[in-house]
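A.B. asks: Fold the following.
(one chain, ligands or ions: 8)
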Amino acid sequence: MNKKLIFTFILLVVHSITYAISLKKRTTTFHSCETFIRLETFNIEISPDPLVSGQIVTFNASGILNNNITNGTIQVSFYNQNASDSFYESNETYIPETLAHTSFTVNTTFTTPDIPTNYTILAFIDSVIERNDSVFLFDIACAQANVGF
Ligand SMILES: *[C@@H]1O[C@H](CO)[C@@H](O)[C@H](O)[C@H]1NC(C)=O
Ligand SMILES: *[C@@H]1O[C@H](CO)[C@@H](O)[C@H](O)[C@H]1NC(C)=O
Ligand SMILES: *[C@@H]1O[C@H](CO)[C@@H](O)[C@H](O)[C@H]1NC(C)=O
Ligand SMILES: *[C@@H]1O[C@H](CO)[C@@H](O)[C@H](O)[C@H]1NC(C)=O
Ligand SMILES: *[C@@H]1O[C@H](CO)[C@@H](O)[C@H](O)[C@H]1NC(C)=O
Ligand SMILES: *[C@@H]1O[C@H](CO)[C@@H](O)[C@H](O)[C@H]1NC(C)=O
Ligand SMILES: *[C@@H]1O[C@H](CO)[C@@H](O)[C@H](O)[C@H]1NC(C)=O
Ligand SMILES: *[C@@H]1O[C@H](CO)[C@@H](O)[C@H](O)[C@H]1NC(C)=O
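C.D. replies: Ligands and ions are numbered 1, 2, ... in the order given. Down below sits the predicted model:
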């Protein structure tokens, strides 16, 4: 091989190693909720990723919603692969008041439950909405991750 070829080869190897590492790093990716498609969604980064049963995990949620977040909370639930049975629900974590169309960020931390090979995570944001002098608590946003399948 001439020098140029070797250089290209090394670049390619470095590139594929970086790619492999970044692929491995993000095993829990969130998207909009499959059975709640009308709800807005938001970003979640978890640490550590992948999750480890029994270890403390931090869910860092952030985003911009079309609804005000008023006395809002975030709650994370773990389900089996078909999202039919939940086997863990985190405590609700308060989200600071946030006007619609402005960004929010909140961390929620808990101990990872015993997780099977395949599982689904759903994270809901609730907010109080005032209508006709009454207050209602609504799910205003949802994020889902399917892990292992
Ligand atoms: C929130 O989570 C992010 C990402 O995991 C982390 O970098 C940050 O330190 C956390 N902030 C707090 C206040 O725990
Ligand atoms: C959000 O709250 C502001 C101020 O209370 C209000 O004017 C606005 O209509 C609300 N927006 C939505 C989308 O509820
Ligand atoms: C938000 O919570 C506070 C304290 O619990 C309460 O006083 C207030 O009425 C709540 N606001 C709404 C809009 O529900
Ligand atoms: C998921 O659903 C499929 C088909 O409905 C079923 O065969 C499978 O056993 C279910 N898996 C779990 C973990 O419930
Ligand atoms: C929720 O909070 C209560 C009171 O702080 C605590 O005793 C309980 O263990 C928490 N539950 C979870 C699932 O973290
Ligand atoms: C969540 O992560 C973002 C980006 O890493 C950071 O800007 C934000 O402060 C974090 N949120 C909290 C509550 O620490
Ligand atoms: C508020 O009142 C209006 C008119 O009475 C009614 O049509 C509407 O359904 C009410 N909204 C809610 C959320 O109850
Ligand atoms: C996990 O999901 C994959 C893909 O659907 C399936 O082939 C595998 O059997 C599942 N594993 C378990 C333990 O349910």
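A.B. asks: Near ligand 1, which residues of this protein are found?
C.D. replies: With CB under 6 Å from any ligand atom as the criterion, the chain meets ligand 1 at residues 45, 47, 58, 60, 107. Glycine gets a C-beta too; all of them are placed from N, C-alpha and C.
A.B. asks: Turn the residues you listed into CSV, columns for neighbour count.
C.D. replies: Shown next, in CSV, are the residues of the chain next to ligand 1 (neighbours: other CB atoms under 10 Å):
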residue, neighbour count
Glu45, 15
Ser47, 12
Thr58, 12
Asn60, 14
Asn107, 13
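A.B. asks: Show only the entries of these found in strands.
C.D. replies: Using DSSP state E, the subset of these located in strands is 45, 47, 58, 60, 107.
A.B. asks: quick one on the thing from earlier: so which of the residues of the chain next to ligand 1 reach ligand 6?
C.D. replies: Okay, of those touching ligand 6 (CB under 6 Å from any ligand atom), that's 60, 107.
A.B. asks: Make CSV out of the residues of the chain next to ligand 1 and add distance to Ile74 and pLDDT.
C.D. replies: Below are the residues of the chain next to ligand 1 laid out as CSV (distance: CB to CB, whole Å; pLDDT from 0 to 100):
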residue, distance to Ile74, pLDDT
Glu45, 13, 97
Ser47, 16, 97
Thr58, 12, 98
Asn60, 11, 98
Asn107, 9, 98
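A.B. asks: Would you mind checking which of the residues of the chain next to ligand 1 is nearest to ligand 3?
C.D. replies: Closest approach to ligand 3 among these (CB to the nearest ligand atom): Asn107, at 20.6 Å.
A.B. asks: what does this structure have sitting close to ligand 5?
C.D. replies: Contact residues (CB under 6 Å from any ligand atom) of the chain with ligand 5: 90-91, 110.
A.B. asks: Take these and keep only those in strands.
C.D. replies: Among the residues of the chain next to ligand 5, the residues falling in strands (DSSP E) are Phe110.
A.B. asks: Any quick PyMOL command for the buried ones out of the residues of the chain next to ligand 5?
C.D. replies: Selection of the buried residues among the residues of the chain next to ligand 5 in PyMOL, burial being defined by 16 or more other CB atoms under 10 Å:
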select buried, resi 90
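A.B. asks: Please consider this matter closed, and thank you.
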